[in-house]
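Visitor: here is my input; please provide its structure:
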Amino acid sequence: MLQINNVNTLRDLLHYSLGQYPENKVSGFARKQMLRYKEFGSLVYKAGMMLQKDNIRKGDKVIILSENNPSWGIAHFAITNLGAIAVPILPDFTKGEIENIFKHSGAKAVFYSKKLSANIPFDKLPANIIKYDIELLDLIQEITDDASITDPFAAPLAENDLATIIYTSGTTGTSKGVMLTHKNLVFQAKKLSTIQPLVPGDRFLSVLPLAHTYEFSIGLLFPILNGASIYYLEKPPTASVLLPILNDVKPTLMLTVPLIIEKIFKLRIQPRLTKTPVIKSLYKNPFFRKRLHAMAGKKLKTLFGGELKFFGIGGAPLAPEVEKFLRDAKFPYAIGYGLTETSPLLAGAHPSATRYRSTGPAMEGVELKIINPDPMTGEGEIVARGENIMAGYYKDENQTQNVFTEDGFFKTGDLGVFDQDGNLYIKGRLKNMILGPSGENIYPEEIEAVLNSFETVSESLVYELKGKLIARVHLNYEELESKYNNLKDNAIQLREAMNDRANQHLQEIQEKVNAEVNKFSRLQMIVEQVEPFEKTPTQKIKRYLYL
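Guide: Here you go, the predicted model:
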């Protein structure tokens, strides 16, 4: 039987798990029958036979465009175990982006869901692209052993072979094809246990897109390596869909982005902590606020099924007031830091070892350091080295060379600083940093955190325009409207009152923010952003659209 020390490729990873946990439940839709590991492995093998029969060979690119479901993982393992290269596409990519990925990657085949098929511009693509309906993967069970078909996974596969190309849709506005090897992904899956140990009885509830390396590595490869189970949703994770499933599945681990827990806090928890004048008055007192948070935390744990032991948050900064609540509530949260280019995790901590506003120390086997630090603050660009660092950007040697230092460290483009215990604190993106009039470093993300702490602010964006520091603010209109219930019968009055209230609030917010931040970070203007900001899959605002 294969030993974990000899697991070097995704083929090895699956082979190891099939040998260790054949009867364990591996994946399925919540409230429906789950596949067992041995059944999952059989379907991967037969999907590999299907690909081989259609002349897909080692090095060929195969796209996956689908919502999360058990077949997604089957398709990915079949592609990569064959030695071909999986090219996952995020479900919210535009038709133009999808067309560009098909052409840039040179894909020979595609697994797609019926729901997303309309987003694929087949009329603009070569006619010989092989098409697989990912929802019909059950039909591969009809494939019988054929003497003319050899083992699809017999070809040699090395740890440095390319496994996947992930096209990012980041805040910079340009998608790049990140090349991740088998070694990158297997290293990540192995080392994650040093932060959060897993046991075969653990249950993951998957709510983030598998086409993002965050969910793929930590929410698919990591549990499969350790014999855990993964539950998927058949509908988007709205409150009405999620709450009953949380009660049924009782997940022990979940991965989320800050927006999910921030919405829960602002819409469900905070209003209850300020619903009466007495509670609101007590909430302002740190002693009572901590106890109110602890009481609310018990209810939140019950809401998530009562057995949660790891609630991973990544992809964007978490609001400070929400993190304070989670700490007071003793909720098992953990904030991780990483990028698509790093497979993704670089730093993280177990929920019992989190530090306020920190992502924790470097993951075991990853080397992190700060280059070009500010002599006063020690803040500088974070660079990383380890076996999880990408092979480069597909068909872009110049860009690849630009993101590595001479001594082989990957330049993350993020600014940070370490404390004396080695915990990393992220300050913001290097490209977003604004240079003040006297050479001060202004971090828009820090000002946005103050703005977003207001109940009436949903999200914000800070930038420089003609030497002035400006903020665009999308307001929480439900909160504003609730203050004008007595005007609901008069639509004109309500609209006028809302406009007046919005303008008044923006002025109030500007004054309060400027009283909190340092002198050179004070805002000269706040502009109302009427529509929600467009965001990346990890819910970061696409800044380039607004600058």
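Visitor: which positions within stretch 424-441 qualify as buried?
Guide: Across stretch 424-441, burial judged by 16 or more other C-beta atoms under 10 Å covers 424, 425, 426, 427, 428, 429, 432, 434, 441. Glycine gets a C-beta too; all of them are placed from N, C-alpha and C.
Visitor: and that stretch, C-alpha only, in CSV?
Guide: Presented in CSV, the C-alpha positions along stretch 424-441 are these (Å, rounded to 0.1, in the frame of the first residue of the first chain):
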residue,chain,number,x,y,z
LEU,A,424,2.4,38.2,9.6
TYR,A,425,0.2,41.4,9.4
ILE,A,426,-1.0,42.4,6.0
LYS,A,427,-1.1,46.2,5.3
GLY,A,428,-2.4,46.2,1.8
ARG,A,429,-1.5,45.8,-1.9
LEU,A,430,1.7,47.5,-3.0
LYS,A,431,0.0,48.8,-6.1
ASN,A,432,-2.8,50.3,-4.0
MET,A,433,-0.5,52.2,-1.7
ILE,A,434,-0.7,56.0,-2.0
LEU,A,435,2.3,58.1,-1.4
GLY,A,436,1.3,61.1,0.7
PRO,A,437,2.5,64.7,0.1
SER,A,438,5.4,64.4,2.5
GLY,A,439,6.3,60.8,1.5
GLU,A,440,4.0,59.0,3.9
ASN,A,441,2.7,55.6,3.1
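Visitor: off-centre distance for that stretch?
Guide: 24 Å (C-alpha atoms, centre = their mean, to the nearest Å).
Visitor: now that stretch: mean pLDDT?
Guide: In this model, stretch 424-441 carries a mean pLDDT of 88.
Visitor: run through who's touching it.
Guide: Applying C-beta atoms under 8 Å, 6 or more residues apart in numbering, the contact partners of stretch 424-441 are 171-172, 317, 337, 347, 357-362, 368, 374, 377, 379, 381-382, 413-419, 442-446, 463-464, 467, 469, 520-521, 543.
Visitor: re earlier: which pair in the buried residues of stretch 424-441 spans the largest distance?
Guide: Across the buried residues of stretch 424-441, the longest distance by C-beta to C-beta is 22.2 Å; it joins 424 and 434.
Visitor: on that earlier part again, give me the subset of the contacts of stretch 424-441 lying in helices.
Guide: 444, 445, 446 (DSSP state H).
Visitor: pick the one among those residues closest to residue 300.
Guide: Out of these, the member with the shortest distance to residue 300 (by C-beta to C-beta) is residue 445, at 25.8 Å.
Visitor: isn't the closest one up against residue 318?
Guide: No. The pair residue 445 / residue 318 is not scored as a contact, 11.2 Å apart, by C-beta atoms under 8 Å.
Visitor: ok, the two, which is more surrounded?
Guide: residue 318 (22 against 16; other C-beta atoms under 10 Å).
Visitor: backbone dihedrals for the more buried one, please?
Guide: phi -90, psi 140 (degrees, to the nearest 10).
Visitor: what is the burial count for the closest residue to it other than its chain neighbours?
Guide: Leaving aside its chain neighbours, residue 318 sits nearest to residue 258 (4.4 Å; criterion: C-beta to C-beta, 6 or more residues apart in numbering). Residue 258: 21 surrounding residues under other C-beta under 10 Å.
Visitor: how much space between residue 258 and residue 192?
Guide: Residue 258 is 20 Å from residue 192, where distance means C-beta to C-beta, to the nearest Å.
Visitor: likewise for residue 153?
Guide: From residue 153 to residue 192 the distance is 25 Å (C-beta to C-beta).
Visitor: settle it for me: which of the two has more neighbours?
Guide: Neighbour count, other C-beta under 10 Å: between residue 153 and residue 192, residue 192 has more, with 24 against 20.
Visitor: dump stretch 250-264 to CSV, restricted to CA.
Guide: Coordinates of each C-alpha in stretch 250-264 appear next as CSV, following Å, rounded to 0.1, in the frame of the first residue of the first chain:
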residue,chain,number,x,y,z
LYS,A,250,-23.3,19.8,11.0
PRO,A,251,-20.0,20.7,9.3
THR,A,252,-16.8,20.5,11.2
LEU,A,253,-14.9,22.7,8.7
MET,A,254,-15.9,25.5,6.3
LEU,A,255,-14.0,27.9,4.1
THR,A,256,-15.4,31.3,3.5
VAL,A,257,-14.6,34.8,2.4
PRO,A,258,-15.0,37.8,4.8
LEU,A,259,-18.2,39.0,3.1
ILE,A,260,-20.2,35.9,4.3
ILE,A,261,-19.5,36.3,8.1
GLU,A,262,-19.6,40.1,7.8
LYS,A,263,-23.1,40.0,6.4
ILE,A,264,-24.2,37.6,9.2
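Visitor: any idea how far it is from the middle of the chain?
Guide: 11 Å.
Visitor: buried stuff in that stretch?
Guide: For stretch 250-264, by 16+ other C-beta under 10 Å, it's 251-262, 264.
Visitor: pLDDT and secondary structure for those - can I get that in a markdown table?
Guide: Shown next, in a markdown table, are the buried residues of stretch 250-264 (pLDDT from 0 to 100; DSSP: H, G, I helix; E, B strand; the rest coil):
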| residue | pLDDT | secondary structure |
| --- | --- | --- |
| 251 | 98 | coil |
| 252 | 98 | coil |
| 253 | 98 | strand |
| 254 | 98 | strand |
| 255 | 97 | strand |
| 256 | 95 | strand |
| 257 | 91 | coil |
| 258 | 91 | helix |
| 259 | 87 | helix |
| 260 | 89 | helix |
| 261 | 93 | helix |
| 262 | 90 | helix |
| 264 | 91 | helix |
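Visitor: closest to residue 475 out of the residues you listed?
Guide: residue 262 (15.2 Å).
Visitor: list the contacts for that closest one?
Guide: Residues in contact with residue 262 (C-beta under 8 Å, 6+ apart) are 318, 319, 322.
Visitor: now do the helices in the stretch 401-547 of the chain.
Guide: 444-452, 477-482, 491-516 (DSSP state H, counting those that start in this stretch).
Visitor: output these as TSV; include the columns distance to residue 135 and mean pLDDT.
Guide: Output for the helices of the stretch 401-547 of the chain, formatted as TSV (distance: least, C-beta to C-beta, whole Å; pLDDT from 0 to 100):
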stretch	distance to residue 135	mean pLDDT
helix 444-452	39	92
helix 477-482	37	74
helix 491-516	44	77
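Visitor: right, so these: which one is the most enclosed?
Guide: Across these, averaging neighbours per residue (mean count of other C-beta atoms under 10 Å) puts helix 444-452 on top, at a mean of 21.
Visitor: residues in contact with it?
Guide: Here helix 444-452 has contacts from 317, 319-320, 427-429, 432-434, 457-463, 469, 471, 473, 509, 513, 516-517, 521, 523, using C-beta under 8 Å, 6+ apart.
Visitor: now do the strands in the stretch 151-300 of the chain.
Guide: Along the stretch 151-300 of the chain, the segments classed as strands by DSSP state E, counting those that start in this stretch run 162-167, 177-181, 203-206, 229-232, 253-256.
Visitor: just want the angle from the longest one to strand 177-181.
Guide: Strand 162-167 runs at 160 degrees relative to strand 177-181, counting by axes from the mean of the first three to the mean of the last three C-alpha atoms, to 10 degrees.
Visitor: for strand 162-167, name the packing helices and strands.
Guide: helix 70-82, strand 85-88, helix 95-105, strand 177-181, helix 182-191 (3 or more C-beta pairs under 8 Å, 6 or more residues apart in numbering; DSSP states H and E).
Visitor: dump these to TSV, plus mean neighbour count, mean pLDDT and distance to residue 291.
Guide: Output for the helices and strands packed on strand 162-167, formatted as TSV (neighbours: other C-beta atoms under 10 Å; pLDDT from 0 to 100; distance: least, C-beta to C-beta, whole Å):
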stretch	mean neighbour count	mean pLDDT	distance to residue 291
helix 70-82	27	97	43
strand 85-88	25	98	45
helix 95-105	17	92	49
strand 177-181	23	97	46
helix 182-191	23	98	38
